[in-house]
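[1] fold the following for me, if possible:
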Amino acid sequence: MITEAKRYLPESARKWINARRLRSMRSRNSRRSVEEVFADVYANGRWGGGGPGFNSGTGSRGWAAESYASYVRELLDINGPLCVVDVGCGDFEVASAFVDSAYEYIGLDVVPALIERNRALYGSDSVDFRRLDATAAELPEGDLCLVRQVFQHLSNEQIDRILWQCRHFPAVLITEHWPAPELASEPNVDKPHGPDTRLDSGSWVDIRQAPFSCRHVTEVLCVPAPAPLYHRGETIRTFLWRPYG
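    Just a heads-up that it's a prediction; the model follows:
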């Protein structure tokens, strides 16, 4: 009934309601652990799937995901055999398209039930899934680290912790959802961890900019967002970071 009534409200009123809900959710999430927040996301299908289940959302499907998987596969075929560490592996939908090109694959996620499900469905001698909070625990060693649309859901402090650990990898691929150019404000506006992103304020995560200021970063892939959250023109961008230079 409330959702139906919202359709007849002025756009300014709808924006006010959505902004208030977002502030309330962020306040609530700031008092919960990373595991609690994202376990709730999957348990209640907040990223899609129409209900409870393990669905990592539209970002894990469609042209953007396929383009990314093709790029990673090419990278592995050229430079392999490599051990891949995937931070925030989610439902494994994306990595399943290139995992056979890796010497070893280690998928990490903070949600225990998700990891158990992935192990049961996809685990093998060369494909391993581990429950790990990358914002607080040490990452396993590897040759290539993948961080796909993970930072956008974390606070700047949490991003910085993960970047500090990533400096041990020869190569790191970081993928983020960027706003439409006409709505872009400034990068790296801080927020609490949660299923939302910075796009509501026209912000995005760019590790080249303060407070992260990473060097030796190259943009390698840019595709249209499969499901724009706020405006047409949003993009999914992937950057290759070589911490060693």
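[2] residue 114 and residue 91 touch, don't they?
    Yes - counting by CB atoms under 8 Å, residue 114 does reach residue 91; the two are 7.2 Å apart. In short, each C-beta sits where N, CA and C put it, glycine included.
[3] can you pull out the helices in this structure?
    Here the chain has its helices, by DSSP state H, at 2-6, 11-29, 34-43, 63-79, 112-122, 156-166.
[4] how about JSON lines for the ones you listed, with mean pLDDT added?
    As requested, these are exported to JSON lines (pLDDT from 0 to 100):
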{"stretch": "helix 2-6", "mean pLDDT": "51"}
{"stretch": "helix 11-29", "mean pLDDT": "73"}
{"stretch": "helix 34-43", "mean pLDDT": "88"}
{"stretch": "helix 63-79", "mean pLDDT": "96"}
{"stretch": "helix 112-122", "mean pLDDT": "96"}
{"stretch": "helix 156-166", "mean pLDDT": "98"}
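[5] using TSV, lay out the ones you listed together with mean neighbour count and distance to residue 100.
    Shown next, in TSV, are the helices of the chain (neighbours: other CB atoms under 10 Å; distance: least, CB to CB, whole Å):
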stretch	mean neighbour count	distance to residue 100
helix 2-6	8	43
helix 11-29	12	36
helix 34-43	18	26
helix 63-79	17	9
helix 112-122	16	11
helix 156-166	17	24
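[6] next, format these as a markdown table and append distance to residue 221.
    Shown next, in a markdown table, are those (distance: least, CB to CB, whole Å):
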| stretch | distance to residue 221 |
| --- | --- |
| helix 2-6 | 36 |
| helix 11-29 | 29 |
| helix 34-43 | 25 |
| helix 63-79 | 5 |
| helix 112-122 | 24 |
| helix 156-166 | 18 |
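[7] quick one, what contacts the nearest residue to residue 207 once chain neighbours are set aside?
    In space, and not counting its chain neighbours, residue 207 is closest to residue 214: 4.4 Å by CB to CB, 6 or more residues apart in numbering. Listed by CB atoms under 8 Å, 6 or more residues apart in numbering, the contact set of residue 214 reads 163, 207, 208, 241, 243.
[8] beta partners of the fourth one?
    So the one you mean is residue 241. residue 172, residue 217 (DSSP bridges).
[9] so it makes contact with residue 216?
    Yes - counting by CB under 8 Å, residue 241 touches residue 216, with 6.5 Å between them.
[10] quick one: which of the two has more around it?
    Neighbour count, other CB atoms under 10 Å: between residue 241 and residue 216, residue 241 has more, with 21 against 11.
[11] need the contact list for the more buried one.
    So residue 241 contacts 166, 171, 172, 173, 174, 207, 214, 216, 217, 218 (CB under 8 Å, 6+ apart).
[12] residues contacting the residue nearest to residue 119 when sequence neighbours are not counted?
    Spatial nearest neighbour of residue 119, chain neighbours left out: residue 129 (4.9 Å); criterion: CB to CB, 6+ apart. Going by CB under 8 Å, 6+ apart, residue 129 touches 89, 92, 106, 107, 108, 109, 115, 118, 119, 122, 123.
[13] swap the cut-off to 10 Å and go again
    86, 89, 92, 105-109, 114-123 (CB atoms under 10 Å, 6 or more residues apart in numbering).
[14] before we move on, back to that, quick one, which of the helices of the chain is nearest to residue 101?
    helix 63-79 (4.0 Å; CB to CB).
[15] so what secondary structure elements neighbour the closest one?
    For helix 63-79, the packing partners by 3 or more CB pairs under 10 Å, 6 or more residues apart in numbering; DSSP states H and E come out as strand 83-87, strand 144-148, strand 171-178, strand 217-224, strand 235-241.
[16] can you add mean pLDDT and distance to residue 20 and give these back as a markdown table?
    Output for the helices and strands packed on helix 63-79, formatted as a markdown table (pLDDT from 0 to 100; distance: least, CB to CB, whole Å):
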| stretch | mean pLDDT | distance to residue 20 |
| --- | --- | --- |
| strand 83-87 | 99 | 32 |
| strand 144-148 | 99 | 31 |
| strand 171-178 | 98 | 23 |
| strand 217-224 | 98 | 30 |
| strand 235-241 | 98 | 28 |
